[in-house]
Structure formats: structure tokens, C-alpha cells
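A.B. asks: Just to be clear, the model below is a prediction. Sequence and coordinates:
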Amino acid sequence: MTDAIRRATVATLILTTLIIASPVAPMTGEAYSYTPRKICAIDWRAGRTEVKRLIRCAAHHWGVNAHEAVSIAHRESLFHPDAYNSGSCAKGIYQHLCRYWPERAFDYGFKGHSAFNARANIIVTMKMVRRHGWGPWGG
């Protein structure tokens, strides 16, 4: 085996190992399990206007229709982060059902966050919609 072929073979093996070992989210290639704090760093606690700004920001960032995202949030919670439906045990801006929230929060990078945390609720929703559409919200 010539020296050039040996180097090319080693380089191919190294590159293949790096590709296989690197974490990549399905469909888009972006990591879903981590969201830097600087993305959509909007203080949702300041009121409904800021919640809407956060929704628009997250929708744009994850390629979701912002108008639809705002409309659904209005329908679900009137933009109140502490919205709660005792009949279905649904919480937060997008009314995630209590039994699903912990797994969704974990899967989309907000492990341990409450569904009443508007930033977590909104970003988890945008990441879900990016992957699966608005089906859980009737859309």
C-alpha cells in the first residue's frame, strides 16, 4: 500500500468516525436538546406584549408561522403564562397536558422547567411544531 493511499484511508476512517459520533437531531440537523439563553432573551414576565414578542421570536427562529403561533397561544391561554385548565390538567401558554410536559421539556432542552415558565413552554412548543406540526393543538 502506498503512503498516499494509507493516508487517504486513515483520513477517511477518522472522518467517518467523527460523522458517526457527532450528535445530530433528526430532520433538521439542529440540536433540540439545548437552547442557548441568548436565543429570544425576552423577559416574558413583563406582560402579554413581551409574551407575544417571545412567541414571534421563537417562531421565526425555528421556522414556524408566527401568525399561527400567536393565534394559537391566544386561543389556548390569552398569553397568560399561569393559565391552568383543571379539567384536563393543561398548563401554560400552549396548554401542555401535565402528563406530557416533563418528557417534552426533557426532549426539547428544558428538563426540570415548569410548564408555567413561558420561555420554556413557548420554545418547547416551537421545536415540537417544527418537527411534528400543530396536530396536538388541533391544527
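C.D. replies: Everything's here; your move. Residues are numbered from 1 along each chain as shown.
A.B. asks: I figured Asn121 was touching Tyr94, is that so?
C.D. replies: Yes. Counting by CB atoms under 8 Å, Asn121 touches Tyr94, with 5.6 Å between them. Just so you know, the C-beta spots here come from the backbone N, C-alpha and C atoms, and that holds for glycine as well.
A.B. asks: out of those two, which sits in the more crowded spot?
C.D. replies: Asn121 (32 against 25; other CB atoms under 10 Å).
A.B. asks: how much space between the more buried one and Asp82?
C.D. replies: Separation of Asn121 from Asp82 (CB to CB, to the nearest Å): 11 Å.
A.B. asks: Touching both of these two, which residues are there?
C.D. replies: Common neighbours of Asn121 and Asp82 (criterion: CB atoms under 8 Å, 6 or more residues apart in numbering): Gly92.
A.B. asks: Could you give the average pLDDT over the helix or strand hosting Ala59?
C.D. replies: Following DSSP states H and E, one finds Ala59 within helix 48-61. The average pLDDT within helix 48-61 is 96.
A.B. asks: and that helix, how far from the chain's centre?
C.D. replies: 13 Å (CA atoms, centre = their mean, to the nearest Å).
A.B. asks: contact partners of stretch 114-123?
C.D. replies: 35, 39-40, 42, 44-45, 51, 54-55, 58, 62, 73, 81-82, 91-94, 96, 98, 101, 105, 108-110, 113.
A.B. asks: List buried residues within these.
C.D. replies: Neighbour-count burial (16 or more other CB atoms under 10 Å) applied to those gives 35, 40, 42, 44, 51, 54-55, 58, 62, 73, 81, 91-94, 96, 101, 105, 108-110, 113.
A.B. asks: contacting residues for Ala83?
C.D. replies: Ala83 neighbours (CB under 8 Å, 6+ apart): 76-77, 91-93, 95.
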